[in-house]
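Q: this one's structure only:
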């Protein structure tokens, strides 16, 4: 087998470094965007919510750079084995990060509407849900850059707690709306926000699964239940006194 010239190896390594840097930038922006979206809800900050919406374009642009670089590397370098898995995994993960940015932008839109409505006590529960998912995002991005499978599995398992809290919030918000029609508008916005946060948690688990496959070459075994019961939940209104 003929070895590649040193300048080919050097260019290949530079492309890998560039790909890792783009991933790191995307992850950092997504973390910041999501964090600010939660702050905009809890602080009723319409201006911060607007900035969250605008920042989504930066993540989209970085995803396009990742796609272009991956296409170039696949076409010109013809990577195999671990290199190929890393390149494909990063492309797949970039798509997850882009969706995280979209959900954060959606939270920002709802936060702008909420800032014009009366304060809801359920905002605190939304904050707790957001904090759980923020931790998941930080841990999974760190795990990806470190190639830390154990940390990735911990993130994957943490999604069950997110699902349980989301289901609890869903039930509480429906109860508020049935008790007083004036709560319907703010609670509807909060329902969408809670669902967006829960979906961001799902994308964090997607990244965990991708990292596991990239490093181990095998799929994560399904050993935890999906705790989101909102799809089949029925909340009965209180019976009126005779």
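A: Done, it's in. Only a predicted model underlies this, so the values are computations on that prediction, with no experimental measurement involved.

Q: burial measure for residue 85, as a count.
A: When counting by other CB atoms under 10 Å, one arrives at 17 neighbours for residue 85. Backbone N, C-alpha and C define where each C-beta goes, glycine included.

Q: name the element it belongs to?
A: Using DSSP states H and E, the element containing residue 85 is helix 81-114.

Q: so which elements touch that helix?
A: Where contact means 3 or more CB pairs under 8 Å, 6 or more residues apart in numbering; DSSP states H and E, helix 81-114 is packed against helix 6-42, helix 46-77, helix 123-146, helix 184-216.

Q: for residue 104, give me its contacts.
A: Each residue near residue 104 by CB atoms under 8 Å, 6 or more residues apart in numbering is listed here: 30, 33-34, 36-37, 52, 56, 196, 200.

Q: and for residue 67?
A: Counting by CB under 8 Å, 6+ apart, residue 67 touches 91, 94.

Q: closest to the centroid, which residue in this structure?
A: In the chain, the centroid-proximal residue (CA atoms, centre = their mean) is residue 200; its distance is 3.1 Å.

Q: surely it meets residue 135?
A: No. Applying CB atoms under 8 Å, one finds residue 200 not in contact with residue 135, separated by 11.8 Å.

Q: so in this structure, where's the weakest helix or strand by average pLDDT?
A: helix 6-42 (a mean of 88; mean pLDDT, DSSP states H and E).

Q: elements contacting that helix?
A: Using 3+ CB pairs under 8 Å, 6+ apart: helix 6-42 touches helix 46-77, helix 81-114, helix 123-146, helix 184-216.
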